[in-house]
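> coords below, sequence missing:
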Ligand code: 9MR
């Protein structure tokens with residue numbers, strides 16, 4: 001039993017109130033009790049979040065850590081189009097509401113993900129043939145209904161996800177093909193109408209370093225700002241892999257977007273490796289997590305970091321990249337890894 005759990009049990013048994021007990025992480029490795037990632041991030045005016053997913057809601061030990069350690073969450077799948085509009089014009093927000101309800105009960109802010117993406121679309125949408133007018137109406141209705149349902153309840157929306165290719169050209173999606181590049185500005189405007197207070201983001205992977213893809217985003221958001229299209233932030237997913245090297249230009253890249261008058265955030269951080277994990281790889285991984293954290297902390301408008309779930313038990317990596325994994329700050333048994341302590345130390349150093 002961890003220190004905190006032992007303390008909680010003891011306190012509950014004595015009928016006492018937990019209010020004055022500092023939340024602490026596991027202590028088996030001698031790091032001692034400390035404040036949570038969420039609390040440490042809050043001391044720097046940022047959040048530290050984790051994605052989660054509905055099937056995980058049966059795992060109480062998992063939920064205990066999620067609710068205790070993080071002060072922001074993102075639904076990994078629940079708000080995607082296939083889940084929220086499974087039939088045309090028929091909306092279902094049950095799964096998203098379940099995650100949002102958990103967030104609210106645990107005082108976590110909620111990053112809503114995502115309104116427009118080329119993946120995980122419902123069959124009715126991908127199998128249909130649509131004129132531009134029809135698709136524009138479908139897109140507008142989807143964005144309006146979904147963003148309106150969550151109006152006033154979410155911190156931010158990833159309005160358009162993964163709109164560009166690696167070389168900085170527009171990704172050839174149903175939306176781009178049918179509507180042209182203007183679908184992005186339209187989506188932002190419709191989302192703003194439906195929920196004027198949510199921070200509106202564009203979000204993508206392989207955006208961490210300065211390069212053709214991040215240059216394309218830089219040019220796009222600059223032009224959107226010039227046209228007064230409502231855009232508040234850019235999300236850098238941060239799906240990193242030890243074998244591909246650390247994105248050394250991350251801090252300067254975050255800064256140049258911030259300098260356009262935007263918020264930036266690390267939205268889906270994980271650092272995968274070729275399995276098996278060993279002490280050396282885990283140490284490198286820990287350094288990368290610390291370095292990403294420090295990069296965000298060095299940029300005033302970097303508002304927070306989200307890991308793409310917090311435990312290797314529920315990572316998306318092994319199913320997609322055969323032979324890779326161990327990407328998250330907690331292991332499969334929900335024990336903190338070196339990465340967890342490295343993030344904590346980086347936050348602590350900045351929050352003093
Ligand atoms: O974590 C999500 C996983 O459960 C889904 O199977 C997958 C389907 O593509 O999407 C994962 O989340 C993705 C996110 O929505 C966008 N960026 C990449 C993430 C990992 O694939």
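Yep, that arrived. Everything numeric here is computed off the predicted structure, so don't read it as measured data.

> What ranges does the stretch 101-250 of the chain have for its strands?
109-116, 156-161, 199-204, 233-236, 239-241 (DSSP state E, counting those that start in this stretch).

> Disregarding residues adjacent in the polypeptide, which is nearest to the residue of the stretch 251-352 of the chain found nearest the ligand?
Distances between the stretch 251-352 of the chain and the ligand by C-beta to the nearest ligand atom are smallest at residue 316, namely 4.0 Å. Where you see a C-beta, it was placed from the backbone N, CA and C, and this is true even at glycine. Among residues not flanking residue 316 along the chain, residue 308 sits closest, at 6.8 Å (C-beta to C-beta, 6 or more residues apart in numbering).

> residue contacts, the one you found?
Counting by C-beta atoms under 8 Å, 6 or more residues apart in numbering, residue 308 touches 51, 76, 237, 239, 268, 269, 270, 315, 316, 328.

> Spit out the contact partners of the residue nearest the centre of the chain.
By C-alpha atoms, centre = their mean, the chain has its centre lying nearest to residue 267, at 3.3 Å. Neighbour list for residue 267: 74, 111, 113, 158, 201, 203, 235, 236, 237, 238, 306 [criterion: C-beta under 8 Å, 6+ apart].

> Indicate whether whichever strand or helix holds it makes contact with the ligand.
Using DSSP states H and E, residue 267 sits within strand 263-274. Yes. Using C-beta under 6 Å from any ligand atom, strand 263-274 comes into contact with the ligand via residue 268.

> what lines up beside that strand in the sheet?
When pairing is defined by DSSP bridges, strand 263-274 lines up against strand 233-236 (parallel), strand 239-241 (parallel), strand 302-307 (parallel), strand 324-325 (antiparallel).

> quick one, helices of the protein?
Secondary structure of the chain (DSSP state H): helices at 3-13, 37-42, 60-69, 81-84, 94-105, 123-127, 132-149, 174-179, 183-194, 212-226, 250-258, 279-297, 317-320, 338-351.

> Columns distance to residue 165, mean pLDDT and mean neighbour count on top of the ones you listed, output as TSV?
What follows is those, written out as TSV (distance: least, C-beta to C-beta, whole Å; pLDDT from 0 to 100; neighbours: other C-beta atoms under 10 Å):
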stretch	distance to residue 165	mean pLDDT	mean neighbour count
helix 3-13	46	37	13
helix 37-42	33	98	23
helix 60-69	34	98	17
helix 81-84	21	98	20
helix 94-105	29	98	17
helix 123-127	20	98	12
helix 132-149	21	98	17
helix 174-179	10	98	18
helix 183-194	14	98	21
helix 212-226	7	98	17
helix 250-258	18	98	20
helix 279-297	24	98	20
helix 317-320	19	98	14
helix 338-351	30	96	20
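
> nearest to residue 167, of those?
Taking C-beta to C-beta, helix 212-226 is the member of these nearest to residue 167, at 5.2 Å.

> Contacts for that closest one next, please.
By C-beta under 8 Å, 6+ apart, the list of residues contacting helix 212-226 reads 164-169, 184-185, 188, 202, 204, 206-208, 231, 234, 253, 256-257, 260-262.

> Name only those of those residues that count as buried.
Burial by neighbour count, 16 or more other C-beta atoms under 10 Å: within those this picks out 164, 168, 184-185, 188, 202, 204, 206-208, 231, 234, 253, 256-257, 260, 262.

> check the residues you listed against the ligand, which are close?
Okay, of the buried ones among the contacts of helix 212-226, nothing touches the ligand (C-beta under 6 Å from any ligand atom).

> quick one: pLDDT of the residue of the stretch 251-352 of the chain closest to the ligand?
You'll see residue 316 listed with a pLDDT of 98.

> For it, grab the count of nearby residues.
Number of residues near residue 316 (other C-beta atoms under 10 Å) recorded here: 19.

> what residues are up against it?
By C-beta under 8 Å, 6+ apart, the neighbours of residue 316 are 76, 308, 309.

> Of the residues you listed, which fall within the contact range of the ligand?
Among those, the residues lying close to the ligand (C-beta under 6 Å from any ligand atom) are residue 76.

> okay, the contacts of residue 316 in TSV with pLDDT and distance to residue 197 next?
Output for the contacts of residue 316, formatted as TSV (pLDDT from 0 to 100; distance: C-beta to C-beta, whole Å):
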residue	pLDDT	distance to residue 197
76	98	24
308	99	26
309	99	27
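
> from the contacts of residue 316, which is closest to residue 65?
Proximity of the contacts of residue 316 to residue 65 was ranked by C-beta to C-beta; the top entry is residue 309 with 11.1 Å.

> Which residue is the nearest non-sequential neighbour of residue 340?
With sequence-adjacent residues excluded and distances taken as C-beta to C-beta, 6+ apart, residue 340 is closest to residue 329, at 4.1 Å.

> That neighbour against residue 346, yeah?
No. In this structure residue 329 lies outside contact range of residue 346 using C-beta atoms under 8 Å: 11.8 Å.

> Identify the contacts common to these two.
Common contact partners of residue 329 and residue 346 (C-beta under 8 Å, 6+ apart): residue 289.

> ok, how many other residues are close to the residue in the stretch 1-150 of the chain positioned nearest to the ligand?
Closest to the ligand within the stretch 1-150 of the chain is residue 76: 4.2 Å, counting by C-beta to the nearest ligand atom. Neighbour count of residue 76, defined by other C-beta under 10 Å: 21.
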